[in-house]
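> just coords:
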């Protein structure tokens, strides 16, 4: 995780929840590092390791917490708690 990207985002282009979560982050201008699990087996393995299940998106935050398939209200709450929005 880089200083400029407080979130590691694991997803895939075909995933509706990934598109929705990515759009919310971009709406608020929150930096994130995107990891395409379809393009990288290691990114796919890392997403499963972080969440304990194969569901996406997986968002790993700078405070060490992980959200899997978060709703927009839950993601808003987390971004607010971290002071990112």
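Alright, I've got the coordinates. Being a predicted model, the structure only gives us computed values, none of them experimental.
> what sits closest to the residue positioned nearest the centre of the chain if chain neighbours are left out?
Centroid check for the chain by C-alpha atoms, centre = their mean gives residue 59 as the closest residue, at 2.6 Å. Nearest residue to residue 59 in three dimensions, chain neighbours excluded: residue 67, at 4.8 Å (C-beta to C-beta, 6 or more residues apart in numbering). C-beta: built from backbone N, CA, C; applies to glycine.
> distance from the chain centre to stretch 61-80, please.
8 Å (C-alpha atoms, centre = their mean, to the nearest Å).
> please read the previous query as pertaining to stretch 22-30.
11 Å.
> in it, which residues are buried?
Residues of stretch 22-30 classed as buried: 22, 24-25, 30 (neighbour count, 16 or more other C-beta atoms under 10 Å).
> in TSV: those residues, plus distance to residue 41.
Shown next, in TSV, are the buried residues of stretch 22-30 (distance: C-beta to C-beta, whole Å):
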residue	distance to residue 41
22	21
24	27
25	24
30	27
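> nearest to residue 43, of those residues?
residue 22 (15.0 Å; C-beta to C-beta).
> for residue 24, what are its contacts?
72, 75-76 (C-beta atoms under 8 Å, 6 or more residues apart in numbering).
> quick check: it is in a strand.
No - counting by DSSP: H, G, I helix; E, B strand; the rest coil, one finds residue 24 to be helix, located in no strand.
> for residue 66, see how far away residue 47 is.
Between residue 47 and residue 66 the computed distance is 9 Å (C-beta to C-beta, to the nearest Å).
> any residues in contact with both of the two?
residue 58.
> who's more crowded, these two?
residue 47 (27 against 16; other C-beta atoms under 10 Å).
> pLDDT score for residue 40?
The confidence metric pLDDT takes the value 97 at residue 40.
> now do the contacts for it.
By C-beta under 8 Å, 6+ apart, the contact set of residue 40 is empty.
> next, give phi and psi for it.
phi -140, psi 120 (degrees, to the nearest 10).
> confirm that residue 13 sits in a strand.
No - using three-state DSSP, the secondary structure at residue 13 is coil, not a strand.
> any idea how far residue 34 is from it?
Distance from residue 13 to residue 34, by C-beta to C-beta: 10 Å.
> neighbour count winner among the two?
residue 34 (15 against 10).
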